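K.L.:
based on what follows, work out the 3D shape:
(2 chains)
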Amino acid sequence: MSREKETTLYIGPQHPGITGNMMVKVKVKGDTVTKASVEVGYLHRAFEKLIERRNWLQSFTILCRFCVPEPDPMELTYARAVEQLEGRIVPERGQYIRTMVMEMARLQSFMLWYAGQSGSAGLYTLGQWSVGDRDYILNLFEDLTGGRVYHMYIWPGGVRRDLPKGFKDKALRVMDYLEKRLDEYDKLLFDNTIFQKRAQGVGVIPKEKAIDWGVVGAPLRGCGIKHDVRIDEPYEVYDKLDFIVPTHEGGDVWSRAQVRRIEARQSISIIRQVLEKMPEGEYYNKIPNPMKWSIPAGQAWAKTESVRGEVGFYVVSDGSEKPRRVHVKGAAYTNGVSVTEKILVGQNIADVSFILNSMGVCPPEIER
Amino acid sequence: MSDLIKENEILEQIKAAFQVEGKVSSERRTEVFADKTQVSSILLLAKNQYGFKHLNHIACIDWIEENKFELVYILYNHKTGLTLLVHTKIDRENPEMENIDTIWDQANTYEREMREMYGIEFPGLVGAKEFILEDWEDTPPMRRDFDTLNYATNTYFHQAGREDAQDVRTTISTRSGEEIPDFAKKYSRDK
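P.N.:
Next up is the predicted model:
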């Protein structure tokens, strides 16, 4: 064994385990990774720079493209930062609709995660199922916003449109269906010995290091640390809803999967509660003419919880009609670069894409 | 402000230790404005003494009118749920800032990006010069004086047939020498 040479291997940029192009350069000895470095730069489109050249509302066409699998948290975080700067209040119905949109976005993102996580373990059936079922949520999005993947539905001051006729019944029907399907998924993924053996003890984040390393989202909760922006700094109507934030000890791929398994069910429960409690009334606090809309000078930091972890926007206004600076901190920025580089060391090469998927790496979020 | 005891406490303690300006900007949020030489000490104190174990992000803003860059270190305390924002301003000419990746590993990534996008140097920063861009020798692109339009016009060229307001059917038919079929004509722009 001592005669094994160290070899450099390039995993990516076209990569089945993650959504987007990113390369992981690994040094391997035999089958074991000895060093990993994440190399990005394949998707850089200077989003943050483009936003500086547009007015406050035009940014929304760019914002949703920060992360394709889950664009809505970006819209909401930006909208909330702008509202913070302007002091604009969102009507209660608008807040309820926003919460519902966020949970729908989470749910469809969980479906994609099911596909990626099982696919990278070689279990392709579940991927076909969950991506198919995700379409039912996309149908709801289409009814609600007109778009399937990118919605541009959440605006400063509320949301753009009210719920269409019959939406509530349709949404509840989809939720009933998905809840049943999640049980089927469990049988395929969590009861599967292959997945159990491959996920347990792989890609471990040590609990005592997790906060220091800047881990966020499900990977952090998978270490047994209870942190969720929805509970710690509640926004919209999350403080009026009843839901749990699951944690799991272990810090490995298995724990992260368990956390997401419960979270997907919680999302369904939240959507039901929101639809039940949603009051009648205004949904949009109308903004003035967007082409001549200037925001008072100031700086705002807003956070929301996405499936991958917390998404933060640092928005700066100089009092003009365009943002001065919009700095985006996506969850994958830390989870996908410095944390991934650390936990990949010592792992088997076959587990690299498996671990990347469990960390929720989303390259466009890293490069922006 | 009586219900913001924790936020005020943090502010008072940092103020007393470093003689810096600061404010409690909202619930759970404390901001301090420090000189660039004090930043690493404040961060270290906040991390070890006040429990701000989580470095959320480092944001950078280009204030070209003042000839300054503003750096904002965003810290979070998981136990109390407080956020601490440490602002500092550095010169825009030959910008240099203390490297803090010894305090938080992940700061390395943020600093590498700032070095690339704003040209701010962090002495002692380990890591490849290139993070996102490739072979970049122009002005660091996130600076306000970098002209995006000018760069795009000079770097990228127009492809023939890609000009604006052109009917793609006409272009194809001229190129191939084939006539536009009748069913396609009814969608033509000339009509």
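K.L.:
can you give me the helices in the stretch 151-300 of chain A?
P.N.:
A:167-189, A:193-199, A:207-213, A:218-221, A:229-232, A:253-277 (DSSP state H, counting those that start in this stretch).
K.L.:
actually chain B, not the one I wrote
P.N.:
B:5-18, B:39-48, B:107-118, B:148-155, B:168-176, B:182-185 (DSSP state H).
K.L.:
contact partners for A:Ile366?
P.N.:
Contacts for A:Ile366 (CB atoms under 8 Å, 6 or more residues apart in numbering or on different chains) come out as A:Met22, A:Val40, A:Gly330, A:Ala332, A:Tyr333, A:Gly336, A:Val337. For glycine as for every other residue, the C-beta is placed from the backbone atoms N, C-alpha and C.
K.L.:
residue of the stretch 51-200 of chain A closest to chain B, please.
P.N.:
Nearest to chain B in the stretch 51-200 of chain A, going by CB to the nearest CB, is A:Arg53, at a distance of 6.7 Å.
K.L.:
can you give me the strands for chain B?
P.N.:
Here chain B has its strands, by DSSP state E, at B:21-26, B:29-34, B:54-63, B:68-76, B:83-91.
K.L.:
my read: A:Trp254 touches A:Gln196, true?
P.N.:
Yes: using CB atoms under 8 Å, A:Trp254 and A:Gln196 qualify as a contacting pair, with a distance of 7.2 Å.
K.L.:
comparing these two, which shows the higher neighbour count?
P.N.:
With neighbours defined as other CB atoms under 10 Å in any protein chain shown, A:Trp254 and A:Gln196 compare such that A:Trp254 has more, 23 against 13.
K.L.:
which strands and helices sit next to the helix or strand bottoming out on mean pLDDT in chain B?
P.N.:
Least confident element among the helices and strands of chain B, by mean pLDDT, DSSP states H and E: helix B:182-185 (a mean of 74). Applying 3 or more CB pairs under 8 Å, 6 or more residues apart in numbering or on different chains; DSSP states H and E, one finds that helix B:182-185 contacts no other helix or strand.
K.L.:
what residues sit buried inside that helix?
P.N.:
Within helix B:182-185, no residue qualifies as buried by neighbour count (16 or more other CB atoms under 10 Å in any protein chain shown).
K.L.:
and it, how far out from the chain middle?
P.N.:
50 Å (CA atoms, centre = their mean, to the nearest Å).
K.L.:
pLDDT value on the residue of the stretch 51-200 of chain A closest to chain B, please?
P.N.:
On pLDDT, A:Arg53 comes in at 87.
K.L.:
for chain B, what lies in contact range of chain A?
P.N.:
Residues of chain B lying near chain A by CB under 8 Å from any CB of the partner chain: B:28-29, B:53-57, B:59-62, B:72, B:74, B:78, B:81, B:83, B:85, B:104-106, B:108-109, B:130-134, B:141-142, B:144, B:146, B:148.
K.L.:
quick one, which of those are buried?
P.N.:
Buried, going by 16+ other CB under 10 Å: B:28-29, B:53-57, B:59-62, B:72, B:74, B:78, B:83, B:85, B:104-106, B:108-109, B:131-133, B:141-142, B:144, B:146, out of the residues of chain B next to chain A.
K.L.:
now do the same contact list for the residue of the stretch 51-200 of chain A closest to chain B.
P.N.:
A:Arg53 neighbours (CB under 8 Å, 6+ apart): A:Lys322, B:Thr148.
K.L.:
hang on, the earlier thing: by mean pLDDT, show me the worst of the strands of chain B.
P.N.:
strand B:21-26 (a mean of 84).
K.L.:
who does it pair up with?
P.N.:
Sheet pairing here is set by DSSP bridges, and for strand B:21-26 it gives strand B:29-34 (antiparallel).
K.L.:
show me which positions of the strand it pairs with end up buried.
P.N.:
B:Arg29, B:Thr30, B:Glu31, B:Val32, B:Ala34.
K.L.:
and B:Leu71, how far from chain A?
P.N.:
Using CB to the nearest CB, to the nearest Å, we find B:Leu71 at a distance of 11 Å from chain A.
K.L.:
same question, B:Asp135
P.N.:
Applying CB to the nearest CB to B:Asp135 and chain A gives a distance of 11 Å.
K.L.:
show the backbone phi and psi for that residue.
P.N.:
Per-residue torsions, B:Asp135: phi 50, psi 50 (degrees, to the nearest 10).
K.L.:
what's around it, how many residues?
P.N.:
For B:Asp135, using other CB under 10 Å, the count is 5.
K.L.:
surely A:Ile262 and A:Pro246 touch.
P.N.:
Yes: using CB under 8 Å, A:Ile262 makes contact with A:Pro246 at a distance of 3.9 Å.
K.L.:
those two: which is more packed in?
P.N.:
A:Pro246 (19 against 15).
K.L.:
quick check, pLDDT for that one.
P.N.:
92.
K.L.:
B:Lys186 now?
P.N.:
67.
K.L.:
and if you look at A:Arg106?
P.N.:
So, for A:Arg106, pLDDT stands at 92.
K.L.:
ok and whichever strand or helix holds it relative to helix A:253-277, angle-wise?
P.N.:
If you go by DSSP states H and E, A:Arg106 is part of helix A:92-119. Relative orientation of helix A:92-119 versus helix A:253-277 (axes from the mean of the first three to the mean of the last three CA atoms, to 10 degrees): 150 degrees.
K.L.:
list the buried ones in helix A:92-119?
P.N.:
A:92-119.
K.L.:
for the chain, give me the ranges with low pLDDT.
P.N.:
I went with chain A, as the question did not name one. A:1-3, A:15-18 (pLDDT under 70).
K.L.:
try again with chain B
P.N.:
Checking chain B against pLDDT under 70 turns up B:1-4, B:160-166, B:186-191.
K.L.:
contacts for stretch B:44-53, please.
P.N.:
Stretch B:44-53 is contacted from outside by A:211-212, B:10, B:13-14, B:17, B:75-80, B:82, B:84, B:86, B:103-104, using CB under 8 Å, 6+ apart.
K.L.:
try 7 Å
P.N.:
In this structure, residues lying in contact with stretch B:44-53 by CB atoms under 7 Å, 6 or more residues apart in numbering or on different chains are A:Ile211, A:Asp212, B:Ile10, B:Ala17, B:Leu75, B:Tyr76, B:Asn77, B:His78, B:Lys79, B:Thr80, B:Leu84, B:Ile103.
K.L.:
the third one against B:Arg29, yeah?
P.N.:
This means B:Ile10. No: with contacts counted by CB atoms under 7 Å, B:Ile10 stays clear of B:Arg29, the gap being 10.2 Å.
K.L.:
for the residue nearest to A:Ile154 when sequence neighbours are not counted, grab the count of nearby residues.
P.N.:
Counting by CB to CB, 6 or more residues apart in numbering or on different chains, A:Glu75 is the residue found nearest to A:Ile154 once chain neighbours are left out, at 4.4 Å. Close neighbours of A:Glu75, defined as other CB under 10 Å, add up to 27.
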